[in-house]
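[1] Next one to model:
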Amino acid sequence: MISAYGREEADRLKLLNRRTYQELIFDGLGLGFCGERYYLPLPQPTGLQGDVAISSTAGPIWPIKKWAYYNELQKELEAQDLKVNILESRPTLLEHLADVQGHRCLVSGDSLPMHLALGSGVRCVSIFTCTSPWEIYGYGLQEKIVSPLLEKFFYKRGYDRNATTAISVEKVKDAVMAQLDALTVSAG
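    Got it, this is the predicted structure:
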């Protein structure tokens, strides 16, 4: 928004970027990024727990981030005998953090809950409809589902149904099941 290149050119350059946010920030400070973890406070327990947490919301600036099929995904996962919770708004971030940490996997867009999961060591499936998947360092925990229409809707701030429906329920469900299977393998 404030780029010296202007918004259109800045968005084009952002689309071409393949470095993570952490690499860019560390480099700007004259340091090298070596996978340093997030530093998070202790959560405030809420008691919300399950196999899969779904964060289905998107704010007013990025309505195009709201994938259209969260409800269908929930039904598909529950049919696999998984306990699925839709994350709600909480009065504090510490409660929201506890909600994320109370699950084995989080499904969301490029969002705060995604970052809370990555910082907490919680596996996640992250849906990218309009923002850069390359800027997110996944810490070996993240499966990125990138829209085949990403370039068309890159950094668009309005709403377009085509952007929110370009990724199938099956693709996301398969990624969630793979994440849960990976937990089983690593625990065994």
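
[2] Could you list every helix and strand that the helix of greatest length in the chain packs against?
    Taking DSSP state H as the criterion, the chain has its longest helix at helix 169-187. With contacts taken as 3 or more Cβ pairs under 8 Å, 6 or more residues apart in numbering; DSSP states H and E, helix 169-187 sits against strand 50-55, helix 70-78, strand 103-109, strand 123-128, strand 142-146. Glycine gets a C-beta too; all of them are placed from N, C-alpha and C.

[3] Quick check: buried residues in it?
    If you call a residue buried by 16 or more other Cβ atoms under 10 Å, then helix 169-187 has these buried ones: 169, 172-173, 175-177, 179-180.

[4] Using CSV, lay out those residues together with distance to H115.
    CSV is the format used below for the buried residues of helix 169-187 (distance: Cβ to Cβ, whole Å):
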residue, distance to H115
V169, 24
V172, 19
K173, 23
A175, 18
V176, 19
M177, 23
Q179, 17
L180, 21
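
[5] shaky segments in this structure?
    By pLDDT under 70, the low-scoring segments of the chain are 1-3, 5, 188.

[6] And for the nearest residue in space to T20 that is not next to it in sequence, the neighbour number?
    Nearest non-adjacent residue to T20, counting by Cβ to Cβ, 6 or more residues apart in numbering: Y137, 4.1 Å away. When neighbours are counted by other Cβ atoms under 10 Å, Y137 registers 18.

[7] Tell me the secondary structure of Y137, please.
    Secondary structure for Y137, judged by DSSP: H, G, I helix; E, B strand; the rest coil, is coil.

[8] Surely it is in contact with R18?
    No - contact criterion Cβ atoms under 8 Å: Y137 and R18 do not qualify, at 11.9 Å.

[9] among the helices and strands packed on helix 169-187, which is nearest A4?
    Closest approach to A4 among the helices and strands packed on helix 169-187 (Cβ to Cβ): strand 123-128, 26.3 Å.

[10] Next, the buried residues of that closest one.
    For strand 123-128, using 16+ other Cβ under 10 Å, the buried residues are 123-128.

[11] Please convert these to CSV, extending it with distance to K66.
    CSV is the format used below for the buried residues of strand 123-128 (distance: Cβ to Cβ, whole Å):
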residue, distance to K66
R123, 22
C124, 17
V125, 15
S126, 14
I127, 9
F128, 13
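
[12] List just the nearest of the residues you listed to G109.
    I127 (5.1 Å).

[13] Kind regards, and thank you for your time.
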